[in-house]
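> Give me a model of this one.
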Amino acid sequence: MKFLWFRCDIIIPSTALAVFVVFLALVGFFVKREFDTAENAEQNCRMAEEALANADKFKSEGHSAFVLGYTGEVGKLLVDELNRLKIFKRIVLIGRRQVFLNVGPEFEQKVVDFENIDEYKDAFKDLDTGFCCLGTTRAKAGIQGFIRVDHDYVLLSAEIAKAQGCKHFTLVSSQGADKNSSFLYPRTKGQVEEALKVMHFNRLSIFRPGVLMCDRQESRPMEAAFRAVLKPVSYFFPTAITTPVQIVARAMINNAIASTNSSTLELHDNKAIHQLSGISKGCNNLRRSLSAPESTKTK
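Next up is the predicted model:
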């Protein structure tokens, strides 16, 4: 059968076969990513389990924190979790505008001008723990605006925080961050990570989540469509390439609470974030693997 100059009897079966092959390849990719064991997987799962037990001790030590980017998707969930857990005696939310928040008295908002952040050093004073969720998009802010927020604001704030007494700085970066990348987004994230490393915080925790799964209030049609396509992937392969924002927020808090004997630099990839959260399937897969009979384990 022909349609115009197309041989439908040849093209349709060939196209269907090609689609099926691509589908199988994608499934294979996701299966491999899902069941690959993350570096320090046992430690991550143990930290998640111990976080609850360590919470009272951590709280008794009288820690204080700041949150940058608290109006973003990860930042909002982080604030909600911090408000629920009550583990910091004081939390300063540093941002460009005042917003209504239903939080406890330990929270306070500080409005700053990031273009003149040096004038707001007192906002960071005596805060030993910092959570940085700052970020925008190239589509929203343009190339220069994106670099200004995701690179300059982050590093300027980190420098001031370090000088004002911050001991543990936690950054939400991105999967694939690479200072040598040809693409703007991963290159910028990678450059920020490298700059933070030489600031020599007592402890630097860098989180590299995959595609963040959330329902944004802000309208981003293309991003929403992409997430809709990934929803089945996140259901069947939850730790492969996607991360719900709640998972990131809880992992950051568990990591802050946990006592660790590791090096001052911690890089947590997507799978490690799931494991640290304690509320995903990340550690369940690991337990099943560790408890399997030796004969069934991959040599």
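> Could you check the pLDDT of the residue most central in space within the chain?
For the chain, the residue nearest the mean C-alpha position is residue 209 (4.0 Å; CA atoms, centre = their mean). On pLDDT, residue 209 comes in at 94.
> Confirm for me that it is in contact with residue 172.
Yes. Judged on CB atoms under 8 Å, residue 209 makes contact with residue 172 at a distance of 7.0 Å. For the C-beta atoms, the positions are set from N, CA and C on the backbone; glycine is no exception.
> Overlap in contacts, the two.
Contact criterion CB atoms under 8 Å, 6 or more residues apart in numbering; residues shared by residue 209 and residue 172: residue 248.
> how about low-confidence regions in the stretch 151-299 of the chain?
Across the stretch 151-299 of the chain, the ranges flagged by pLDDT under 70 are 215-224, 226-227, 259-263, 280-282, 284-299.
> Where do the strands of it begin and end?
Remark: strands assigned in the stretch 151-299 of the chain by DSSP state E, counting those that start in this stretch are 168-172, 203-207, 211-213, 242-244, 265-268.
> Within the sheet, what are the partner strands of the third one, with directions?
Okay, so that is strand 211-213. strand 242-244 (parallel) (DSSP bridges).
> on that earlier part again, out of the strands of the stretch 151-299 of the chain, nearest to residue 39?
Closest to residue 39 of the strands of the stretch 151-299 of the chain, according to CB to CB: strand 265-268, at 8.8 Å.
> And the closest one, how far out from the chain middle?
Distance of strand 265-268 from the chain centroid (CA atoms, centre = their mean, to the nearest Å) equals 12 Å.
> what does stretch 125-145 give?
That offset, for stretch 125-145, works out to 13 Å (CA atoms, centre = their mean).
> Then stretch 228-245?
On the basis of CA atoms, centre = their mean, stretch 228-245 sits 14 Å off its chain's mean C-alpha point.
> Isn't residue 265 up against residue 197?
Yes. The pair residue 265 / residue 197 is scored as a contact, 6.3 Å apart, by CB under 8 Å.
> thinking again about what came up before, can you tell me which residues contact the residue nearest to the centre of the chain?
Residue 209 is in contact with 172, 174, 175, 243, 247, 248, 270, 273, counting by CB under 8 Å, 6+ apart.
> For those, which two are the farthest from each other?
174 and 247 (14.9 Å).
> mind listing the helices in the stretch 1-150 of the chain by residue range?
According to DSSP state H, counting those that start in this stretch, the stretch 1-150 of the chain carries its helices in the segments 8-35, 41-60, 73-85, 138-147.
> any idea of the mean pLDDT in stretch 49-69?
Across stretch 49-69, pLDDT averages out at 91.
> so where is the stretch 1-150 of the chain shaky, pLDDT-wise?
1-12, 14, 20, 23, 26-27, 29-35, 37-38.
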